[in-house]
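J.: quick one: sequence and predicted model below, then my questions.
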Amino acid sequence: MNGQPKIEAQTRAATASYVAALTAELSAMARRNGLDALGYILEMARLEAESEVHGSAQRSNGGS
């Protein structure tokens, strides 16, 4: 079996991690400038991205 699924999982996790970092910064920026609804939406996107990072880590380690 080749390493393709593992590489795809790593790329997926890396992308999700990057999105989490960016949306954290954007959420803070939005909230500082009174854009509370936008900040909230971006915070939800950050949480979703972090959930994917943790899920990818569990899948690659054989967890459930």
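T.: Yes, it's here.
J.: going forward, measure contacts between C-alpha atoms and count neighbours the same way
T.: OK.
J.: now for the helix or strand hosting residue 22, which elements pack on it?
T.: Using DSSP states H and E, the element containing residue 22 is helix 4-32. Packing partners of helix 4-32 (3 or more C-alpha pairs under 8 Å, 6 or more residues apart in numbering; DSSP states H and E): helix 36-60.
J.: pull out the buried positions in the helix it packs on.
T.: Across helix 36-60, burial judged by 16 or more other C-alpha atoms under 10 Å covers 38-39, 42-46, 49-53, 55-56.
J.: go on, stretch 26-36?
T.: By 16+ other C-alpha under 10 Å, the buried positions in stretch 26-36 come out as 26-28, 30.
J.: so what touches stretch 48-60?
T.: Outside stretch 48-60, the residues that touch it by C-alpha atoms under 8 Å, 6 or more residues apart in numbering are 6, 9-10, 12-14, 16-17, 19-20, 64.
J.: look at residue 34 and tell me its secondary structure.
T.: What DSSP: H, G, I helix; E, B strand; the rest coil gives for residue 34 is coil.
J.: measure it to residue 16 for me?
T.: Using C-alpha to C-alpha, to the nearest Å, residue 34 is found at 26 Å from residue 16.
J.: repeat that for residue 22.
T.: Residue 22 sits 10 Å away from residue 16, taking C-alpha to C-alpha as the criterion.
J.: any idea which residue sits dead centre in this protein?
T.: Nearest residue to the geometric centre of the chain (C-alpha atoms, centre = their mean): residue 49, 2.1 Å.
J.: list the contacts of the closest residue in space to residue 21 that isn't next to it in sequence.
T.: The shortest distance from residue 21 to any non-neighbouring residue, by C-alpha to C-alpha, 6 or more residues apart in numbering, is to residue 46 (7.4 Å). For residue 46, the contact set (C-alpha under 8 Å, 6+ apart) comprises 19-21, 23-24.
J.: any idea how far residue 46 lies from residue 7?
T.: To residue 7, residue 46 is 23 Å away according to C-alpha to C-alpha.
J.: could you pull up the mean pLDDT of stretch 47-54?
T.: The average of the pLDDT scores along stretch 47-54 is 95.
J.: distance from the chain centre to that stretch, please.
T.: Stretch 47-54 sits 4 Å away from the centroid of its parent chain (C-alpha atoms, centre = their mean, to the nearest Å).
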